[in-house]
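> no sequence on this one, just coordinates:
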């Protein structure tokens, strides 16, 4: 069986274009997501203008996304049913970050802390949650 990410087929075979590569990556991500069980991920921080891009990227991966860009009252209660948490630390206050970490710590929810809040950083966070080998990932107490 051929690797779906291979750009050219066997000698004389059809070449794959970027759309095929994207669909293969998306398929891998969906398989990883279902395997790990991350269905709902919360993002705390980030920029308002990037929220739609975060949502689009999560939708591609088959993940429900909850975005909290602003400081909200009782954020711990809103994080009760999330399966993973991504915190962009440069756009959120210490109080909100600490409250969120305290809320998910008891449930051993995986947490990824990222300083920057760009779309590539969000993609890195999703791939970090999909694989178990991320340096910025924290789990449990």
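Nice, I can see it. Everything numeric in this text was worked out from a predicted model, so none of it was measured.
> distance of residue 128 relative to residue 60?
According to C-beta to C-beta, to the nearest Å, residue 128 and residue 60 sit 16 Å apart. Any C-beta I mention is one placed from the backbone N, CA and C, and that applies to glycine too.
> tell me which of those two has more neighbours.
Taking other C-beta atoms under 10 Å, residue 128 and residue 60 do not tie; residue 128 has more neighbours (19 against 15).
> which helices and strands sit right next to the host helix or strand of the more buried one?
Using DSSP states H and E, residue 128 falls within helix 119-130. For helix 119-130, the packing partners by 3 or more C-beta pairs under 8 Å, 6 or more residues apart in numbering; DSSP states H and E come out as helix 18-36, strand 40-44, helix 51-61, strand 84-88, strand 111-114.
> buried residues, that helix. List them.
Buried residues in helix 119-130, counting neighbours by 16 or more other C-beta atoms under 10 Å, are found at 121-122, 124-126, 128-130.
> same deal with stretch 81-95?
By neighbour count on 16+ other C-beta under 10 Å, the buried set for stretch 81-95 is 82-88, 91-92.
> got any ranges where this protein has weak pLDDT?
Scanning the chain for pLDDT under 70 picks out 1-38, 132-141.
> for residue 84, give me its contacts.
Applying C-beta atoms under 8 Å, 6 or more residues apart in numbering, we find residue 84 in contact with 38, 40-42, 109-112, 129.
> from these, which is closest to residue 78?
residue 42 (7.8 Å; C-beta to C-beta).
> run a quick neighbour tally on that closest one.
When neighbours are counted by other C-beta under 10 Å, residue 42 registers 24.
> show me what contacts it?
Residues in contact with residue 42 (C-beta under 8 Å, 6+ apart) are 65-68, 78-79, 82, 84-86, 100.
> let's go with 6 Å and repeat that
Neighbour list for residue 42: 66, 79, 82, 85 [criterion: C-beta atoms under 6 Å, 6 or more residues apart in numbering].
> over to residue 114?
88, 121, 125.
> got it, and residue 82?
Counted by C-beta under 6 Å, 6+ apart, residue 82 has contacts 40, 42.
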